[in-house]
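Asks: here's a sequence, model it:
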Amino acid sequence: LPHLTLPMAVKILMLTVLGFGLVQSLSYRPPSIPLVTKEPFVQTWMGGDNATASDATYWTGIKQEIVAYVRVDGVVTRILGTCSGLDSCAPAATSLAVNANATKTVFTSTDPAKTVTVTLAFISSSFADDYLRLSRPVDYVQVSVATLDKKDHDVQVYFDWSAEHVVNKMDQLVEWSSFNSSGLQGWKMGVHNQKVLDIAGDHVNRDWGYQYLSYVPNPANSFSTRVGDYSEQRKAFVSTGGLPSAPDTRTPRAANDNMPTMAVTASFRISQSQDGSMIALVSYDDIDSVSYYHNPYKAFWTQTYPDIFAAMSAAVTDFPTVVSKGQQLEDNLWQATSTSAGDKYAFLAALAYRQTLAATKLVWNTNENVMWLMLKEISTNGDFQTMDVIYPASPMFLYSNPDLLKALLLPVLTYANNETDTTFNNPFSPHQIGTYPIADADTKSQEPMPMENTGNMFLMLAGIAQHSNDTSFFYPRFWPLLKTWANYLNQSLPYPANQLCTDDFTGHLANNTNLAAKAVVALEAFVNLCDRVGEDCSDLKPYPKVFAEVWETIGYQPTPTPHYKIAFNISDGYSIKYNLVWQKLLQLNGPFNWSKVASIETAFYKTQANKYGTPLDNRHTYVKLDWLSWAAVMAPEREDCLAILDAIYQFTVDTPTRVPLTDLYDTVTGAASRASNPVPAFVARPVVGGVFARMIAPDA
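Replies: Residues are numbered from 1 along each chain as shown. Presented below is the predicted three-dimensional model:
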């Protein structure tokens, strides 16, 4: 294994830290800081203002400890985590800056004596346009130390990763062993006597596969690694700068029994001319990632690397490229989003990019020898490949890589087309294919959202065709199926029956005008797909315009302030008609009188706005973040669009609810509406990718 040139790597990272991204984000405080957010089961966050204000947790709020210290000339400073479970505590670093960006999070601090500057960076290779790096289950944690007082110093760095990350319940037995492979040394840890793919659900953690902790070799450093009692190891480092010499051989044991923790330390000397750095590798091999109708599929990276050690070795060599590519992605994203809608919007977009990808996982479909992207509906039931979750997330994929959206929809279409061992016989789109990571849903287990999910499918297919000019992934294979669904929509309009829409938490609603708007625009989108693939849809072509005219007439409420009703038969209510935005996004010539409808609706939203935006409808004060961002895109005037987006940004800054970005919050108080422990909902969900609707709009 070739040695990474550490001075070069440190220089790359320091340029990243001191450059464009950090300067722009010094004043931004995300509700929760992402640390390692690689996929649905690798989700580690920190709900404080800096690296030492709180413990690291799973997206559920359950503690998943990560702790780091720096020891300078015998004096220890805590740079990550709290003093949880310790009798005595090292003083916390003085925070200088926090930069949570699209591919990395960087904490900059000093020790209390201000002798050194410490940079703690969590770095990922989550690039939407680079499948191997996106899939490779290796993240980097870099601790860089530079002299601040212009003196030489002896430095030791400590980093650990607890057993909490590998269990679903703390009484489960964990085991560990050391490894020395592909030039890397370290430890692996997992549940004893584990069963692969044995858990499906929402507020659960994966308890199969193995976590690995290693480090990037560096001849300038002296390293040591160990697994043992978390308290014993941390105390040993604080007092000696090293780890206990005797191994902890009491394995397996329960995760809550003197909690086993993997730790790595590095020792080096720094001077004015030479900084020091340790790069830890945090990796996870889940063996099998998902089960798709009784077919276990492995992660996509296994098609390239023969084992996890080869993947880790490649990640070591790849580190400078990952850092530079990540910085380029972040700079390009910042430039595009801030130019389009301002710096506040750029902060939102960076956070949304990361959170959206983190709810997905690339796998290899061995039956068809193709790559699929699997998605978990995090925190609201744990459903697998949920259509009304993919739909709001879709703008991020359409902007960053439409092929990923194809890879999300294919598992749903394949099931609906009866190409699995489980029959689907509804005349409309499925809602989900199971509970993540087990796809086993049948027709009876579907949540009934017939108009919602059928409309979602057509709008997303049209979006992919528009952004990639490709229809081959659904035509002709799924065309008879899609035509059946189009006929269902046509027959169900113009007045939706009493049914659920994606906002199912508000309950059933008949004659739902927002749902009708979706179906009408979706039917128009399908007619456009017919033209693209050369199919005759003359039997459907006139109807979207007819239905839109009915909608505009019956749905209109002229007094006291002109707007469109929440339901055709309810004259004293309103709702945000966010589904209309797809007529603009797809640049359709109709079916609605866009300038009239959009102007009336968005002008009305302004009259209903609270501090943090306009409520979803008149029945509540809460709003969905994704839908509100779509309302912004509907606004004819840029200043009105920015006012709505700025209100969303202000919510993220002010909210007292320190959880991974929620998409359901109160527009008056800024509190997340359903994110309280022990079962938080509407947090860490990929639907926040909806904020990218601005970036795929023709006036972006």
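
Asks: may I have stretch 81-90 exported as CSV, CA atoms only?
Replies: The C-alpha trace of stretch 81-90 is given here as CSV (Å, rounded to 0.1, in the frame of the first residue of the first chain):
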residue,chain,number,x,y,z
GLY,A,81,-18.1,14.5,22.3
THR,A,82,-19.0,15.0,25.9
CYS,A,83,-17.9,13.6,29.3
SER,A,84,-20.7,11.1,29.3
GLY,A,85,-19.9,8.2,31.7
LEU,A,86,-16.6,9.6,32.9
ASP,A,87,-15.8,10.6,36.5
SER,A,88,-13.5,13.4,35.3
CYS,A,89,-13.4,15.3,32.1
ALA,A,90,-10.9,16.9,29.9
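
Asks: now that stretch: mean pLDDT?
Replies: Taken as a whole, stretch 81-90 has a mean pLDDT of 84.

Asks: give me the low-pLDDT residue ranges for this protein?
Replies: Low-confidence segments of the chain (pLDDT under 70): 1-27, 677-678.

Asks: hey, which helix is longest across it?
Replies: Longest helix in the chain by number of residues (criterion: DSSP state H): helix 308-341.

Asks: mind listing what's buried along the next helix or strand along the chain from that one?
Replies: The helix or strand immediately downstream of helix 308-341 is helix 343-358, counting by DSSP states H and E. Counting neighbours by 16 or more other C-beta atoms under 10 Å, one finds that the buried residues in helix 343-358 are 344-358. C-beta coordinates here come from the backbone N, C-alpha and C atoms, glycine included.

Asks: tell me who's in contact with the closest residue to Ser84 other than its chain neighbours.
Replies: Computed as C-beta to C-beta, 6 or more residues apart in numbering, the closest residue to Ser84 that is not its neighbour in sequence is Asp55, at 5.7 Å. Taking C-beta atoms under 8 Å, 6 or more residues apart in numbering, we find Asp55 in contact with Met46, Lys63, Glu65, Gly81, Thr82, Ser84.

Asks: for Ala359, same thing?
Replies: So Ala359 contacts Glu39, Pro40, Leu375, Lys376, Glu377, Ile378, Ala393, Ala684, Arg685, Pro686 (C-beta under 8 Å, 6+ apart).

Asks: among those residues, which lie within helices?
Replies: Checking the contacts of Ala359 against DSSP H, those in helices are Ala393.

Asks: and the contacts of Ala359, which is closest to Asp130?
Replies: Of all the contacts of Ala359, Asp130 sits closest to Glu39, with 15.2 Å by C-beta to C-beta.

Asks: wait, isn't the closest one in contact with Lys361?
Replies: Yes - between Glu39 and Lys361 there is a contact under C-beta atoms under 8 Å: 4.3 Å.

Asks: who has more neighbours, the two?
Replies: For the pair Glu39 and Lys361, the greater number of neighbours falls to Lys361 (27 against 23), based on other C-beta atoms under 10 Å.

Asks: beta partners of the closest residue to Phe268 other than its chain neighbours?
Replies: Leaving aside its sequence neighbours, Phe268 sits nearest to Gly276 (C-beta to C-beta, 6+ apart; 4.0 Å). On the basis of DSSP bridges, Gly276 takes part in beta bridges with Val145.

Asks: ok, how many other residues are close to Gly276?
Replies: Look at Gly276: counted by other C-beta under 10 Å, it has 28 neighbours.

Asks: mind listing what it touches?
Replies: Neighbours of Gly276 in contact, by C-beta under 8 Å, 6+ apart: Ser144, Val145, Ala146, Val155, Val157, Ala220, Asn221, Phe268, Arg269, Ile270.

Asks: try 10 Å this time
Replies: For Gly276, the contact set (C-beta atoms under 10 Å, 6 or more residues apart in numbering) comprises 6-7, 10, 70, 116, 143-147, 153-157, 218, 220-221, 266-270.

Asks: filter those residues down to the buried ones, ChimeraX style.
Replies: This is how ChimeraX selects the buried members of these, with burial counted by 16+ other C-beta under 10 Å:
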select :6,10,70,116,143,144,145,146,147,153,155,156,157,218,221,266,267,268,270
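
Asks: all strands of the stretch 351-500 of the chain, in order?
Replies: In the stretch 351-500 of the chain, the segments counted as strands under DSSP state E, counting those that start in this stretch are 360-365, 370-375, 383-384, 434-435, 438-439.

Asks: scratch that, the stretch 551-700 of the chain is what I was asking about
Replies: Using DSSP E, counting those that start in this stretch, the strands of the stretch 551-700 of the chain run over 556-557, 563-567, 570-574, 622-624, 664-666.
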